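In: what follows is a protein structure lacking sequence information:
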């Protein structure tokens with residue numbers, strides 16, 4: 001096959017990577033998701049110098065997606081570490097940035113890592129804010145607060161919740177989230193269930 005012939009040849013490594021991605025998609029369409037995942041993991045896309053950053057990111061996100069969907073959680077974590085989140089923060093990468101954090105939210109939820117989930121939602125919130133997507137921003141802010149208050153308390157969690165407290169304009173749109181942020185930043189016992197007065 002073309003993949004066999006091109007294996008190990010640097011001059012066609014880009015073409016072989018694209019061919020492998022196409023084959024993986026074909027196998028997935030045939031319902032062979034495990035095989036599709038295995039095929040795509042063969043390519044170490046970060047070593048392909050001739051591939052553009054955006055295409056590399058798309059490739060890595062596909063690898064992460066298939067790992068998550070086939071429940072290869074450790075592999076998904078390894079591949080995720082190869083994604084350059086600073087580059088995703090640049091202009092023109094917004095869609096990829098959102099896709100990456102949506103995938104990581106799935107991963108961290110599975111791991112029960114509440115604060116990491118919170119940080120992913122916070123990154124989504126900032127992206128939605130730049131895009132002036134108010135519905136998306138409100139949803140991301142709500143989930144940021146929810147996972148933040150579920151996180152084991154430490155200095156990093158404290159810093160995050162005080163930063164969120166400063167986002168008054170957006171918090172006013174979410175009374176319950178605003179109340180939670182207020183309750184977790186004051187030195188007093190939290191009554192439960194919360195009264196209507198506390199959520200206003």
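Out: Arrived safely. From a predicted model like this one, the values you see are computed outputs, not experimental measurements. Residues are numbered from 1 along each chain as shown.

In: quick one, what contacts the nearest residue to residue 45 once chain neighbours are set aside?
Out: Closest residue to residue 45 apart from its sequence neighbours, by Cβ to Cβ, 6 or more residues apart in numbering: residue 59 at 4.5 Å. Placement of C-beta: from N, CA and C, glycine included. Counting by Cβ atoms under 8 Å, 6 or more residues apart in numbering, residue 59 touches 17, 21, 43, 45, 51.

In: show only the entries of the residues you listed found in helices.
Out: 17, 21 (DSSP state H).

In: okay, now the unreliable bits of this structure?
Out: 1-11, 131, 194-200 (pLDDT under 70).

In: how does it look with 90?
Out: Along the chain, the model assigns pLDDT under 90 to residues 1-20, 42-53, 84-94, 126-137, 163-173, 175-176, 179-200.

In: mind listing the helices for it?
Out: 2-6, 13-29, 33-41, 53-69, 73-80, 85-88, 94-111, 114-130, 134-150, 155-165, 168-171, 175-183.

In: for those, give me JSON lines that also has distance to residue 189.
Out: Listed next are the helices of the chain as JSON lines, based on distance: least, Cβ to Cβ, whole Å:
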{"stretch": "helix 2-6", "distance to residue 189": "64"}
{"stretch": "helix 13-29", "distance to residue 189": "52"}
{"stretch": "helix 33-41", "distance to residue 189": "49"}
{"stretch": "helix 53-69", "distance to residue 189": "40"}
{"stretch": "helix 73-80", "distance to residue 189": "38"}
{"stretch": "helix 85-88", "distance to residue 189": "38"}
{"stretch": "helix 94-111", "distance to residue 189": "29"}
{"stretch": "helix 114-130", "distance to residue 189": "22"}
{"stretch": "helix 134-150", "distance to residue 189": "15"}
{"stretch": "helix 155-165", "distance to residue 189": "17"}
{"stretch": "helix 168-171", "distance to residue 189": "22"}
{"stretch": "helix 175-183", "distance to residue 189": "9"}
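
In: nearest residue to the residue nearest the centre of the chain in space, please, no chain neighbours.
Out: The chain has residue 101 as the residue nearest its centroid, 1.4 Å off, counting by Cα atoms, centre = their mean. Among residues not flanking residue 101 along the chain, residue 120 sits closest, at 4.5 Å (Cβ to Cβ, 6+ apart).

In: may I see the buried residues of stretch 118-132?
Out: Across stretch 118-132, burial judged by 16 or more other Cβ atoms under 10 Å covers 118-125, 127-129.

In: how near is the nearest residue to residue 28 once chain neighbours are set aside to residue 63?
Out: Excluding its sequence neighbours, the residue lying closest to residue 28 (Cβ to Cβ, 6+ apart) is residue 36, at 4.0 Å. To residue 63, residue 36 is 11 Å away according to Cβ to Cβ, to the nearest Å.
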